[in-house]
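Asker: mind folding the following:
(chains A, B and C)
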Amino acid sequence: MNKNTDIIRKLIDGEFSHEEEKTVLKHIESDPLLNDELNLLKKTVRIVENCERKSAPHSFTSEVMRGLKPHTEAKRQGILNFFFRERVLRWNLAAAMAVMLSVAVLGGMFFYIQKKDILISSITNREQMITIRFEFYSPDAKSVSLAGDFNKWSIDEAIMKKQDNGIWTMEIPLKPKIYNYMFVIDGKVWAEDPKADSYHDDGFGNKNSVVRVSTS
Amino acid sequence: MQQEEHSLIKQCVEGNADIYAVLVERHKDMVYNVAYRMLGDADLAQDLAQESFISAYNNLKNFRYDSKFSTWLYRIAINKCKDYLKGKRQHVPIDEISETAFTKANPEEDISKKQIMDKVQTAINMLPEDYREAIVLKHIEGLNYREMEVILNLSANALKVKTHRGREMLRRLLKEMGVLDE
Amino acid sequence: MKITLMVKLVFIVILIAALSNETAIANTEKNKEDIRLAIEKSTLSQERKAILLSRSYAAIKAGTPSDDISIIINRGLAKGWDSKSLESLMTNVINSIEQDLPVKPVLNRIEQGLSKGVSPEKVLYAAEGLIVKLAAANGIVNNLVRSGMKTDKDSDTGDAVQSVARAMEKLIPETTITDMGTKISRNKQSITKFNAYVNTMTTFVEMGMPMERAFKIVHRAIDKGYTEGNMIMMEKSFFNGIKSGSDMNHIMQNLESTMNRGGMGFSGMDGGSGMSGSPGMGGGSGGGGGRHGGR
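Answerer: Okay, here's the model as predicted:
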């Protein structure tokens, strides 16, 4: 800060002694520009200082208290974490036994079922998957991969296969949904699919290709 | 006062969580106010203010009884606000500021107090964070440079410079908004 | 005996659940270890390593899938992100879980930004913007469901929240979206349809169609009971127009007259020629003029 600015600052912050202040003020007031600046700054500070203080909303304290974790529980958590390793081991043992048991039971069941003609469909709910074929023409590329919503945008997971005609292809089973994706050429160039169903902004100023997998 | 507060804190650390409500009640307006002035948004301020108290509670065992609890709270609150702001763009482009902030009021009309407050907050929101926090602590919270040193982890000299630069910027902004006209 | 069979079935279900739980725990532990190693190998200071590790674990504890946290941390460190930005990512993720918002879209956006090499500032800004919109979208979708919109399965609501958030990111007003939802509800159509219509509307607006017009076109589609297949065809037709260089007015007129004629599969019945539906059929076929060096 230059000398005058420093003086003005000190004046506003009240850092001069009574005597010093009188001298300094005379100097400032003699220069209309400096005087103006001082007064405007003082006014600014006054306005800001007079800003009404905001009060916290009514439920504030109860919400804070609700969000607290009591120390005792935190301690308990720590202890649990310490023993977690052991617990995993014990789970393993139990799980191993469970596997053997279930295999035996299942084996028995299978026999039983065949006799009874009951179909037990897989226990996990399998939603209808549709295989989508992606194609990208890029004869000079050394590698092309597919990055999208379905593989967490990994650029080296879905490596496409090159055909003789220079078209790279890949088939992926997908559940009915809207997916954003792009092709990544040689690990660094991001390209859109000219034959995509649609294009959506990616939130960063680029456009993603979109495939809408649906059953209708 | 400080002693009594220290004893309350000790009780919380020892596991008496309910006592913390007393400390929250005592300091909630201050923390909320700081958050509001730093962020310019009431809902955001409420969230960050609450988070500050929760964070403070979880770190109570680290509280060194050599300073005031409020100083410590200020620090947590300012840091949370800064973290939040850092994730956002550093400065808000002009066209996003409400147009009304820059329309000068009709000199014949009385500018209502609320309008001035809003403009002032808009101006504060436009300051870079480091000027903003200096202005908020010095001129809204009324702290001295020594206390600000502890809260912001900066030397008093650096703070004096930042505060004054903040003032100069505010002066320019308020003038453009017509708040400084006689 | 039937009863014994049922008991055995229940027993097996429990065992398999326990087994998969066991696998899930092991998977989480593996991911946590990967995260720890990645942070350890990084060039961050000891203090920041500790903070980042604890934040990452906190995100997992809050309910974020550990796979995603591992990906984000690994990618972020590989791209040379500073620790504070990475910590902010974790905070954002935790915040969205605490607000009961669908966290997958947030994770998706972060993973995408990291993969694409977007700067930390931009990614954080985009992620935070999304969270705000998701919060608002959550409210809108919940209101519609409470007022009676049909839901087919749980995942639909999450998808709808994402679509509404996307619409709001394009500045489509809340009232417009709510009106659309109310209309769809009244037609006894489900949230899946709502999702499709909102998406098409947003796509049109994104590409520069004036909002009023996009609104009218989509409302027409709703009235005609267009299926998702129809909507896909509409968007394709729209994009073909864009790519061929026609001006917007021309494209919109085309769209509207096609809807009037009920042609090109816009019959509102069983959707047009299969762009989707049968296994093995090309749904997203790519190809065409060498995009080498494209973006």
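Asker: any idea how far C:Gly245 is from A:His200?
Answerer: 21 Å (CB to CB, to the nearest Å). All C-beta spots, glycine's among them, are computed from the backbone N, C-alpha and C.
Asker: so between the two, which is more surrounded?
Answerer: A:His200 (20 against 7; other CB atoms under 10 Å in any protein chain shown).
Asker: the strand or helix carrying C:Ala24 and chain A, any residue contact?
Answerer: Per DSSP states H and E, C:Ala24 falls inside helix C:2-41. Yes - where contact is defined by CB under 8 Å from any CB of the partner chain, part of helix C:2-41 touches chain A, namely C:5, C:8-9, C:11-13, C:15-16, C:18-19, C:22, C:25-26, C:29.
Asker: residue ranges with poor pLDDT in the stretch 101-250 of chain C?
Answerer: Scanning the stretch 101-250 of chain C for pLDDT under 70 picks out the ranges C:153-155.
Asker: related to what we said a few turns ago, what residues sit buried inside the helix holding C:Ala24?
Answerer: Using 16 or more other CB atoms under 10 Å in any protein chain shown as the test for burial, helix C:2-41 gives C:8, C:12, C:15-16, C:18-19, C:22, C:28, C:31-32, C:34-35, C:38-39.
Asker: in contact with the nearest residue to A:Tyr199 once chain neighbours are set aside, which residues?
Answerer: Taking CB to CB, 6 or more residues apart in numbering or on different chains, and ignoring the residues beside it in sequence, A:Tyr199 has A:Lys207 as its nearest neighbour in space, at 4.5 Å. Residues near A:Lys207 by CB atoms under 8 Å, 6 or more residues apart in numbering or on different chains: A:Glu192, A:Tyr199, A:His200, A:Asp201.
Asker: what of C:Lys183?
Answerer: C:His219, C:Ile222.
Asker: center of chain B, which residue is that?
Answerer: Among the residues of chain B, B:Val34 comes closest to the average C-alpha position under CA atoms, centre = their mean, at 2.6 Å.
Asker: picking that back up, the helix holding C:Ala24: what's the following helix or strand?
Answerer: helix C:46-62.
Asker: that following helix near chain B anywhere?
Answerer: No - applying CB under 8 Å from any CB, one finds helix C:46-62 out of contact with chain B, separated by at least 11.2 Å.
Asker: the inter-axis angle of that helix versus helix C:2-41?
Answerer: With axes from the mean of the first three to the mean of the last three CA atoms, to 10 degrees defining the directions, helix C:46-62 sits at 160 degrees from helix C:2-41.
Asker: contacts for helix C:46-62, please.
Answerer: Contacts of helix C:46-62 (CB under 8 Å, 6+ apart): C:28, C:31-32, C:35-36, C:39-40, C:42, C:44, C:66, C:69, C:73, C:83-84, C:86-87, C:90-91, C:93-94, C:97-98.
Asker: what of stretch C:237-246?
Answerer: By CB under 8 Å, 6+ apart, the list of residues contacting stretch C:237-246 reads A:194, A:196, A:198-199, C:203-204, C:207, C:250-251, C:254-255, C:258, C:264.
Asker: now it: buried residues?
Answerer: Those would be C:Ser237, C:Phe238, C:Phe239, C:Gly241, for stretch C:237-246 by 16+ other CB under 10 Å.
Asker: could you list the contact residues of the stretch 1-150 of chain C toward chain B?
Answerer: C:Lys84, C:Ser85, C:Glu87, C:Ser88, C:Thr91, C:Asn92, C:Glu121, C:Leu124, C:Tyr125, C:Glu128.
Asker: what segments of chain A are strands?
Answerer: Using DSSP state E, the strands of chain A run over A:130-137, A:144-148, A:158-159, A:161-162, A:167-174, A:177-185, A:189-191, A:198-201, A:207-213.
Asker: off-centre distance for the first one?
Answerer: The one in question is strand A:130-137. 28 Å (CA atoms, centre = their mean, to the nearest Å).
Asker: per-residue confidence for the residue nearest to B:Leu8 when sequence neighbours are not counted?
Answerer: Of all residues not flanking B:Leu8 in the chain, B:Ile19 sits nearest, at 5.6 Å (CB to CB, 6+ apart). Here, the pLDDT recorded for B:Ile19 equals 81.
Asker: burial count for the residue lying closest to C:Arg36 once chain neighbours are set aside?
Answerer: Among residues not flanking C:Arg36 along the chain, C:Leu53 sits closest, at 6.2 Å (CB to CB, 6+ apart). When neighbours are counted by other CB under 10 Å, C:Leu53 registers 18.
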